[in-house]
Every structure is written in C-alpha cells, then in structure tokens.
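Participant: here are the coordinates; sequence isn't available:
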C-alpha cells in the first residue's frame, strides 16, 4: 500500500527523543486494528509534505462500522451553522450547532472541540460523540471550527475555541442551554484544547463550566514522560507524529520556556478552580503519563476527577476497534458520565 | 488523531479488502484472542450480527457489529459454516433477508479457521458427546461419531429432568434441562422426577430429547400421587396436548386459572384430583392420599361445587383430567418444581401427614397437625 513507504524511522526525532521506552502489549482483540492502521494513515510519517495528503486523503466513503454520521439523526436533530466573532482582530469563526428538533425546555450544553493533532480535522469531525445526547433531547451541542496549525500557530487554535465558547455562553438562552450545565468536551488535540480553553475560562472569569470531558487529551509539549517516548512506528499518534503536531503548533517555542499553559495545559501550575473532570487514556499511548499526572494534580488542587486508564488500549482504539470488549467498556463508562453530567 | 483513524482507508479493490480480512484474523491468532473476540471481529468486519454455536459446550455467542452481545437465540435463516476440527461447532452471519456480501464466504471461512486455530482442544467428555448427540444443529456424521463414542447402539432411553442425575454416567446440561442417555430399557429409581423417551435409532436423539421434554411437563413431584417418571410412549393423545400448549397458553385456560387461585387456600386440590383420577375406587384414592375416605369425599364435593370438576358425572372425569394435565403444563417451567405443591409434611419415619402449608413452603419434619380447613373443606370460598 502506498502509505507503507512513508513509515520509516525519523532520525531527527530519534536523536531528540532518545531511546524508545517499554510499553505494555496491545489488547489481543485490538491488535488487528493497530496493524491495519499502521498500513494506512497512522503509518504515515507526518511532515510538511505529507500533511496535505493526510488532511485530504481520507475518502468520504462508507466503511463497515464507520458510516458517515447523519447529523440530523433521522430528523431528530436540527443542524445549523453560525458565523460568530472570533478573537480580537481575528477572523470570524464557524460554529456547528446541533439541537433537538423538539426541545423540551433548557438542556445541558456540550461545547465540542475536534481532534486531529492540532493540524487536521474540522467542526464535523467526531461529532458522533455528542450527537446521541442531542438526538435523545438531552443536550445542545456546539462544535467549533478553529484555525489549524502550522498555518495558524498558537494561540490561534485555543483562542478560537475560547471565542466560540464565550459566544455560546453569551447566547445560552437563545440556544436552549442551561448555563449551569455548560460542558466542554474534546478528544486528543481537542482534549488538550478543551483543557486549555477551560483554563482560559477560569482565568477570564467567564464562562463558568460545569464539567470538562478530556478524552485521551494532548496536554504536554515537553516529551519528558516515559510514555511520550514509548511508541515509535507503533500504535496511533506515535512520538514522531506528536512531535510534528506540537512543533506545528508552537514552532521553535516547543519544549522551551515560552509556552503558555493554555497551549500545553500540563504546564499549568495552578489547577484549582477547574470544572469537574472526566479524563481517560489508553495504557498504550504517548499521552498516557501526562494524562495520569494531570488527573493527579487536578485532584490535589481540589477538583473532582473521574480518571480511567484502559489496559491494552491505544490512542482512539475505542473508535477504530469499537467492537472490542475493552472499547465497549470504555465507551459505556464515558457515556454514563456524560449522561450524569447532563442531568439537571 | 482520532478522526484520522475513524475512517479506514477503503479500497474498491476486492483483493485488497480480502487481504485485510485475512490479515485481521491472522493477527487475532497471533495475539491469542478469545473465541468471543473472533465473533465480534467477524460482525464488525461484516457490518452485520455474527454468531458461534458450540455443541460441545452447549453455548451460543452472538454479537452485533458494535460488539454488543445479543441474546442466545439463533438466527434460523443464516448461512452457517462448520468450524473444522470441532464437532458440532458453527459460525454464521445474520444478513437481513438472506442477502450475502461479496466477502461473506471468506469472512466465514477465516472466522471458522481462526476459532479452530485458537481452540484449546476440548476434552471429549461424556457431557460434550451427549450434547453433540442430542444437538439438532450438529451434522449427522458428528452425531453418529458421538453416539459411537458414547457406546450407544440401537435402543436408547432419553431422560429429561431439571435437576442433575446423581448416578447417570452419560448426562449433560442442555438449556434448562439435564439430559441423560441410557442403553434401553432402564429401571428408573423411585426418587427420580423425569420425562423419558425411547428411540431405536440413536441418530434420532434430538427428536427423542424433545419427546422426553414433553413427557417431563406432565410429571408429578417425587412422592406425589401422580407419576414422577412419565414415559412419552405412554402419552399418546396427551402428548399432542403438551405440544400445542405452551406453559403460558395453558396457564390462561380458565379451569387452570381457577385451580391456581384455589391452590392458595386449598393446597390439596392437585394431589386430590390426581389420586381420584388415577385410582379405580375412592377407597384406593384415599389410601394413596393417606386420608380417611370421608375426608376425600368432602374434598371431591368441594371441587364439584366450587370448581365444577365433578368426577362422578358424565364428562366430568375427562374435564378434570384435561384441566389437571394443562395445570401441569402451566407449572412445568416454575423455578423449582419440587416446591410446586406442598400438600404434605413428612415426619422422620417418612410417613406423610396432611398439612396446609403454603404451596411454596419447603418440606419440614414437623408433621401431624390437622388444619381446620382439612376437616371443614367448605368453610371458606
């Protein structure tokens, strides 16, 4: 397959990141998915040259188990897009707004930030995560189109996310959102941006978030943890891809002293006053240790945290290997938390 | 990069898709995944439910494409493939309207071989062989070799019960029943509650199990006035009654409803009907029930006046007999049939005495008390 020849050792990353550290084995049921992905998009070494192909290379075709989501959920969901003000001096941003076709009073709000390593994805990516709660009439979801690195480096992505969140909170009443149940949610880079946006919301004293749901979030640009050096040409989003993502976002500042906690939330020293947190990780992904550390420090700062680490799971394996028993357990656990968070 | 992996690279090239399927199952073998994981992978790759039936363990596993477990009921119209090297084991896909995908034959073939490769060789225990021999879904040659391995030739008696057979060497739990096979004919122990069926052709064992299960529905408890061992061959027309009435259907018949209502306060009525129908004289029936014959007469009068079950009138015996058979059918799936009717308490000598325990009470050793209801059967409605 054409992606195969792209999978080669990145010697620059090797010298920068040091030897590969020990990793736990993949779950036996997930092993085929991991291998299949290495032969496809996840096996591509990310460079400035391969990035456009990766952004555009995902054909919008139906694959068994991964049909393109019907955002209207068979007519139960109203789909709307709004152009709203961006950060000061920056262009407008687009919000994808999903609300129940037959609303029953005020609902929880799910402010969704898509993933894609800071460098890919759009406002529609991954909204399957929040769609069921809207279709069930329990939530209004808002998904933000933020500018991507490297064309738009930090702070553009996180400031776009904040601008979208602030607009959503200001217009909560019109959107049918109960301002006491405003939840920020994101996976991967979206999880890191959600954590950074939550820090911004705390420090700017608006809006008040009830929960942050951080799904295997990308939090730390420094590559100092064991797990950040653990995967080289294995799993999904290995250390080379992660280095490319952070360097795209931060340029020469990556790993240095001039990175703000809003870009890399692991750098935040004060985690007090943050919302009730759900955070999860696979045991076999580069983000693992920064996630465990973030959860620990949130708890020490007095924040209630639900932390789940799933043995044998790799980054995003609950989606690509959704049929596996460990995926079902992790998805069900997260779903149950979100339903509780949305309760009045 | 969650979104990048949410969409697999898809190819229009069937050879590439086929390679992907083969690769997926190979990887499951390398990783020593479980059989359930193989079924889930099959369902996920096919995009429809998939299942595995294993006659040796008597298990069915079904999953939908998202990996959710489905009930163990098999999908009758599915195309199946035998798992090689494992007798009575099958994998299948559940496509709507019996359609087939282009990769279905490959998927099934790979799934079956993967299960075979991952299979820790099952010991061919007597229980596993009994299950295969009695499994209507097992291939004929598998049933034939199981029968041979069990040492059964021509006449076989099948016994069906709900509790384990203590001394039967060829027995297995199948569904809600315990099934035992014996070279026929056998002498049944007296403390056995079972339905039985005889077959002269061991390949007809699946049918014989069904017949023994029919007979089981008509059994009385051990020590009751009715037969605790019922032979299918003795039933004749009564078997047709069992075949056509499910327990809920039987329970809905008004005579059965009245019997069940009356049982709450008159725990003796089933035993009384059974003895009066089985014995040729009132005196014999009273002896069977360890009652004075005048007490029995009072009870029969009560049954006639309250339940319209007049055993002495033309057609009355017939109605009572059918009502009783339907009552047994209706009660045959109660959780513990041994506690269905507790009209008696037993003392330490094993002598039965009348009591008026609630019908769910357990047997106790404090016998001997005679309740007012027994001597004044008409005192309440």
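Facilitator: Yep, that arrived. Keep in mind that this is a model prediction, so the values were computed, not measured.

Participant: C-alpha only now, for contacts and for neighbours.
Facilitator: OK.

Participant: Name the nearest residue to the residue in chain B that chain A sits nearest to, sequence neighbours excluded.
Facilitator: Nearest residue of chain B to chain A, counting by CA to the nearest CA: residue B:67, 3.8 Å away. Spatial nearest neighbour of residue B:67, excluding adjacent residues (CA to CA, 6 or more residues apart in numbering or on different chains): residue A:323 at 3.8 Å.

Participant: and the one you found, which of the three is it?
Facilitator: Counting by DSSP: H, G, I helix; E, B strand; the rest coil, the backbone at residue A:323 sits in coil.

Participant: what's the answer for residue B:37, then?
Facilitator: Under three-state DSSP, residue B:37 comes out as helix.

Participant: wait, it sits on residue A:324?
Facilitator: Yes - applying CA atoms under 8 Å, one finds residue B:37 in contact with residue A:324, separated by 6.9 Å.

Participant: Which one's more surrounded, those two?
Facilitator: Counted by other CA atoms under 10 Å in any protein chain shown, residue B:37 and residue A:324 do not tie: residue A:324 has more neighbours, with 28 against 21.

Participant: gap between the more buried one and residue B:94?
Facilitator: To residue B:94, residue A:324 is 19 Å away according to CA to CA, to the nearest Å.

Participant: hang on, the earlier thing: joint contacts of residue B:37 and residue A:324?
Facilitator: Residues touching both residue B:37 and residue A:324 (CA atoms under 8 Å, 6 or more residues apart in numbering or on different chains) are residue A:29.

Participant: one step back: quick check, the residue nearest to residue B:67 in contact with residue B:65.
Facilitator: Yes - counting by CA under 8 Å, residue A:323 touches residue B:65, with 6.4 Å between them.

Participant: Can you tell me how far residue A:116 is from residue A:281?
Facilitator: Taking CA to CA, one finds residue A:116 at 16 Å from residue A:281.

Participant: Report pLDDT for residue 307.
Facilitator: The chain I'm using is chain A. On the pLDDT scale, residue A:307 is placed at 98.

Participant: hm, I was asking about chain B
Facilitator: Confidence at residue B:307, expressed as pLDDT, is 84.

Participant: who are the neighbours in contact with it?
Facilitator: B:255, B:258, B:259 are the contacts of residue B:307 under CA under 8 Å, 6+ apart.

Participant: Which of the residues you listed fall within helices?
Facilitator: B:255, B:258, B:259 (DSSP state H).

Participant: Can you pull the phi and psi angles for the residue of the stretch 51-200 of chain A found nearest chain B?
Facilitator: Using CA to the nearest CA, the closest approach of the stretch 51-200 of chain A to chain B is made by residue A:116 at 4.3 Å. Per-residue torsions, residue A:116: phi 130, psi 30 (degrees, to the nearest 10).

Participant: and residue 266, how many neighbours does it have?
Facilitator: In the absence of a named chain, this looks at chain A. 23.

Participant: You answered for a different chain; I wanted chain B.
Facilitator: The burial count for residue B:266: 22, using other CA under 10 Å.

Participant: Please identify which of the ones in helices among the contacts of residue B:307 is nearest to residue A:24.
Facilitator: Nearest to residue A:24 among the ones in helices among the contacts of residue B:307, counting by CA to CA, is residue B:259 at 64.6 Å.

Participant: In contact with the closest one, which residues?
Facilitator: Contacts of residue B:259 by CA under 8 Å, 6+ apart are B:269, B:307, B:327.

Participant: Tell me if I am right that residue A:99 is in a strand.
Facilitator: Yes - judged by three-state DSSP, residue A:99 forms part of a strand.

Participant: Pull the number of nearby residues for it.
Facilitator: Counted by other CA under 10 Å, the residues lying close to residue A:99 total 28.

Participant: List the beta-bridge partners for the nearest residue to it once chain neighbours are set aside.
Facilitator: Of all residues not flanking residue A:99 in the chain, residue A:140 sits nearest, at 4.6 Å (CA to CA, 6+ apart). Residue A:140 forms beta bridges with residue A:109, as assigned by DSSP bridges.

Participant: List the contacts of residue A:140.
Facilitator: Residues in contact with residue A:140 (CA under 8 Å, 6+ apart) are A:97-100, A:107-110, A:133-134, A:175-177.

Participant: for residue B:41, same thing?
Facilitator: Counting by CA under 8 Å, 6+ apart, residue B:41 touches A:323, A:324, B:65, B:67.

Participant: Doesn't it belong to a helix?
Facilitator: Yes - secondary structure of residue B:41 (three-state DSSP): part of a helix.

Participant: Can you tell me how far it is from residue A:17?
Facilitator: 36 Å.

Participant: And residue A:48, by the same measure?
Facilitator: Taking CA to CA, one finds residue A:48 at 20 Å from residue A:17.

Participant: More neighbours: those two, which one.
Facilitator: Relative neighbour count places residue A:17 above the other of residue A:48 and residue A:17, with 18 against 11, counting by other CA under 10 Å.

Participant: Not counting sequence-adjacent ones, nearest residue to the more buried one?
Facilitator: With sequence-adjacent residues excluded and distances taken as CA to CA, 6+ apart, residue A:17 is closest to residue A:229, at 6.4 Å.

Participant: quick one: contacts for that neighbour?
Facilitator: With contacts defined as CA under 8 Å, 6+ apart, the neighbours of residue A:229 are A:17, A:18, A:19, A:20, A:21, A:223, A:239, A:286.

Participant: same thing but at 10 Å, please
Facilitator: A:14, A:17-23, A:223, A:238-240, A:242, A:285-287 (CA atoms under 10 Å, 6 or more residues apart in numbering or on different chains).

Participant: mind checking the SS state of residue A:344?
Facilitator: Following three-state DSSP, residue A:344 is assigned to coil.

Participant: any idea of the pLDDT on it?
Facilitator: pLDDT, residue A:344: 75.

Participant: Surely it touches residue A:178?
Facilitator: Yes - under the criterion of CA atoms under 10 Å, residue A:344 makes contact with residue A:178 at 8.7 Å.

Participant: higher neighbour count, these two?
Facilitator: Remark: of residue A:344 and residue A:178, residue A:178 carries more neighbours, 19 against 11, as counted by other CA under 10 Å.

Participant: what residues are up against that one?
Facilitator: Shown in contact with residue A:178 (CA under 10 Å, 6+ apart): A:105, A:106, A:107, A:108, A:109, A:139, A:140, A:169, A:172, A:342, A:344.

Participant: where along the stretch 201-350 of chain B do the strands fall?
Facilitator: Secondary structure of the stretch 201-350 of chain B (DSSP state E, counting those that start in this stretch): strands at B:229-231, B:344-346.

Participant: Could you check how many residues crowd around residue B:333?
Facilitator: The burial count for residue B:333: 15, using other CA under 10 Å.

Participant: Please report the distance of the closest residue to it other than its chain neighbours from residue B:218.
Facilitator: The shortest distance from residue B:333 to any non-neighbouring residue, by CA to CA, 6+ apart, is to residue B:247 (7.1 Å). Shown here: residue B:247 relative to residue B:218, a distance of 11 Å by CA to CA.

Participant: list the residues that contact both of these two?
Facilitator: Residues touching both residue B:247 and residue B:218 (CA under 10 Å, 6+ apart): B:326, B:327, B:328, B:329, B:330, B:331, B:332.
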